[in-house]
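> quick check, what structure comes out for this input:
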Amino acid sequence: MNQINVLSKRYKFGEDFTLSRLSIDEEWLEHCRYILEDKVREIAGKPVSEWKIKCITAIPVGTYEVKKTWSGRWQKMMWEITGVEGFTGIRIHPGNTNHDTEGCLITGKERDEKHGEVSGSRLARDYLYARLDKAEAQGKKIFWTVEGLPEEI
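Modelled structure (predicted):
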């Protein structure tokens, strides 16, 4: 197989956050269990321009290629979700609350569903980055699928 498939399956839709379970090639991850995003504002069938609010909106459902690119903001190479209509610079990085996301994906080992927070974020990021780095070193393409809209739950 010349690719790996990351799945971010949304399950908790808070007032200003979204939580997902994370898997790679159908294996639920032990050390990077959760992804925290901003609120899902997507309206199925409507253009991104009609529902996106810059820096406080979760990315739309879909499948996107993941690439390691230079981040001018962080001044280092980071994994980025690419090809998302109406979004740029979607990084995978550590944090704890939706205030840390700014439209990006926050890694977490544990979560607080009531408050929409994750913990163990740096360790989770390191674990996920190691998995992605290994796939890249093997010449594999990496795809990230986001599933789940609030009305589907």
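> any idea how many residues pack against residue 78?
Using other C-beta atoms under 10 Å, residue 78 has 19 other residues around it. For the C-beta atoms, the positions are set from N, CA and C on the backbone; glycine is no exception.
> list the contacts of the closest residue to it other than its chain neighbours.
Leaving out its chain neighbours, the residue that sits closest to residue 78 by C-beta to C-beta, 6 or more residues apart in numbering is residue 71, at 4.6 Å. Residue 71 is in contact with 77-78, 80, 89, 91, counting by C-beta atoms under 8 Å, 6 or more residues apart in numbering.
> separation between residue 71 and residue 53?
Separation of residue 71 from residue 53 (C-beta to C-beta, to the nearest Å): 22 Å.
> now the element after the lowest-mean-pLDDT helix or strand in the chain, going C-ward?
Lowest on mean pLDDT, DSSP states H and E among the helices and strands of the chain sits strand 27-28, with a mean of 95. Per DSSP states H and E, the first helix or strand lying C-terminal to strand 27-28 is strand 34-37.
> residues making contact with that next one?
Residues contacting strand 34-37 (C-beta under 8 Å, 6+ apart): 8, 10, 17-22, 58-59, 95, 97-98, 100-101, 104-111, 116-118, 124.
> give the other helices and strands that the least confident helix or strand of the chain contacts.
For strand 27-28, there is no helix or strand it packs on, judged by 3 or more C-beta pairs under 8 Å, 6 or more residues apart in numbering; DSSP states H and E.
> so what are the sheet partners of that strand and their directions?
strand 18-24 (antiparallel) (DSSP bridges).
> in the partner strand, which residues are buried?
By neighbour count with 16 or more other C-beta atoms under 10 Å, strand 18-24 contains the buried residues 18-24.
> could you give the average pLDDT over it?
Here strand 18-24 scores 98 as its mean pLDDT.
> may I have it as PDB, with CA atoms only?
In PDB, the C-alpha atoms belonging to strand 18-24 read as follows (Å, rounded to 0.1, in the frame of the first residue of the first chain):
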ATOM      1  CA  THR A  18     -15.600  19.700  18.300                       C
ATOM      2  CA  LEU A  19     -13.900  16.400  19.400                       C
ATOM      3  CA  SER A  20     -13.000  13.500  17.200                       C
ATOM      4  CA  ARG A  21     -11.500  10.000  17.700                       C
ATOM      5  CA  LEU A  22      -8.400   9.400  15.700                       C
ATOM      6  CA  SER A  23      -7.400   6.200  13.800                       C
ATOM      7  CA  ILE A  24      -4.800   5.300  11.200                       C
END
